[in-house]
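Colleague: here is my input; please provide its structure:
(one chain, ligands or ions: 2)
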Amino acid sequence: MPPPFSLDGRIALITGGGQGLGLAIARGLAEAGAHVVLNGRNAERLEAAALSLRGDKLSAEALAFDATDETAVVAAIDTIARKHGRIDILVNNAGIRDRRALADTDAASTARLIEANLLGPAMVSRLALPLLQKSKAGRLINITSIAGHISRAGDASYTASKAGLTGLTKALAAEWGPLGITVNAIAPGYFATEPNRTMVEDPANAAFLAQRTSLGRWGRPEEIAGAAVFLASDAASYISGHTLAVDGGFLSHW
Ligand SMILES: NC(=O)c1ccc[n+]([C@@H]2O[C@H](COP(=O)([O-])OP(=O)(O)OC[C@H]3O[C@@H](n4cnc5c(N)ncnc54)[C@H](O)[C@@H]3O)[C@@H](O)[C@H]2O)c1
Ligand SMILES: O=C(O)[C@H](O)[C@@H](O)[C@H](O)[C@H](O)CO
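Modeller: Ligands and ions are numbered 1, 2, ... in the order given. Sure, this is the predicted structure:
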């Protein structure tokens, strides 16, 4: 019997997998034995990311498409269907950030966040469902945020988009459980990735996290991977509708 955390032979699609948390998740899944399909919009960056994984003897390919463009998603799913015949693990990781209070935004910028962080993942999930059903153990993992559970002033549209994705996770767990597919979310806390670069460079934020998290620091991107491997694996076969915070204790700490 394979070890419970093994992902040997599984086919995983990771949206926004060319950098940051998505790439760290892809590496973790590949190290556990999966073949990872890295999605993003920048074909060159994706190829470089896939090449770096293959350089470490991991199984990876690039598949560029815009995860909010229905025509492009249909074509990408078709490519995966022809090449692999199924999807075992879908990670909806692609997302965008815009730290502004609602009063400082406009309808178009709010719509962009909802489109990228909620409608895109919903659409990719819906279009991937036939391939997830071809898996013996289909897994959907949404990358939400601690912002799906708490709110900090100056972040309204993003917070709403991630709370929406948290709700979608529970709804799809209910709808897809009877199909044998588990649906869970990972809620990252504060990670040192590109969208947070200026915040990481500002020592005031390190001081904030020193007192606001139990572990007292920023998360390192590679620290997200274990949660994804776990939720994708047989070890998590009876877990669905759950959000696993990977936040250094942010949500539990006062
Ligand atoms: N970094 C953090 O602290 C943090 C915290 C909580 C949640 N998250 C979430 O984790 C995910 C990854 O964040 P990150 O920090 O690695 O960001 P990132 O910007 O480094 O990576 C996101 C990737 O998604 C891609 N992407 C965005 N929209 C896309 C689309 N429509 N189609 C295809 N690709 C698209 C981007 O081009 C980028 O490569 C996001 O959903 C983010 O909201 C991050
Ligand atoms: O999602 C993210 O990018 C980060 O974890 C934070 O920015 C928090 O979500 C937010 O600040 C909490 O309200």
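Colleague: CA only for contacts and neighbour counts going forward, please
Modeller: Fine.
Colleague: flag the shaky bits of this structure, pLDDT-wise.
Modeller: The chain contains residues with pLDDT under 70 at 1.
Colleague: quick check, central residue of it?
Modeller: Centrality entry for the chain: nearest residue to the mean C-alpha point is N93, 2.6 Å, by Cα atoms, centre = their mean.
Colleague: does that one touch Q19 like I think?
Modeller: No. Applying Cα atoms under 8 Å as the test, N93 and Q19 come out as separate, 10.6 Å apart.
Colleague: so what's the residue count around the closest residue to P195 other than its chain neighbours?
Modeller: Counting by Cα to Cα, 6 or more residues apart in numbering, the nearest residue to P195 once its immediate chain neighbours are dropped is R97, at 7.1 Å. Close neighbours of R97, defined as other Cα atoms under 10 Å, add up to 15.
Colleague: roughly how far does R97 sit from D247?
Modeller: To D247, R97 is 18 Å away according to Cα to Cα, to the nearest Å.
Colleague: before we move on, what about D202?
Modeller: Counting by Cα to Cα, the gap from D202 to D247 is 19 Å.
Colleague: so the two - more neighbours on which side?
Modeller: Just comparing D202 and D247: by other Cα under 10 Å the higher neighbour count belongs to D247, 24 against 10.
Colleague: OK, contacts around the more buried one?
Modeller: With contacts defined as Cα atoms under 8 Å, 6 or more residues apart in numbering, the neighbours of D247 are 146, 187-190, 213, 219.
Colleague: which ones, among the residues you listed, also lie beside ligand 1?
Modeller: 188-190 (Cα under 6 Å from any ligand atom).
Colleague: return the residues of this structure in contact with ligand 1.
Modeller: Checking the chain against ligand 1 by Cα under 6 Å from any ligand atom, the hits are 15-16, 18-22, 40-41, 65-68, 93-96, 116, 143-145, 188-195.
Colleague: the longest helix seen in the chain packs against which elements?
Modeller: Taking DSSP state H as the criterion, the chain has its longest helix at helix 156-176. Packing contacts for helix 156-176, counted by 3 or more Cα pairs under 8 Å, 6 or more residues apart in numbering; DSSP states H and E, involve helix 107-114, strand 139-143, strand 182-188.
Colleague: re the thing from before, so which pair among the contacts of D247 is furthest apart in space?
Modeller: Greatest spatial distance in those: A187 and T213, 14.5 Å, computed using Cα to Cα.
Colleague: and the two? Which one has more around it.
Modeller: Between A187 and T213, counted using other Cα under 10 Å, the more crowded position is A187 (24 against 20).
Colleague: from ligand 2, how far off is the more buried one?
Modeller: Here the criterion is Cα to the nearest ligand atom, to the nearest Å. By it, A187 lies 8 Å from ligand 2.
Colleague: residues near A153, how many?
Modeller: Once other Cα under 10 Å is used to define contacts, A153 is seen to have 10 neighbours.
Colleague: which non-adjacent residue is nearest it?
Modeller: Closest to A153 by Cα to Cα, 6+ apart is A101, at 6.7 Å.
Colleague: try T110
Modeller: Using Cα to Cα, 6+ apart, the closest residue to T110 is S157 (5.4 Å).
Colleague: likewise for G189?
Modeller: D247 (3.9 Å).
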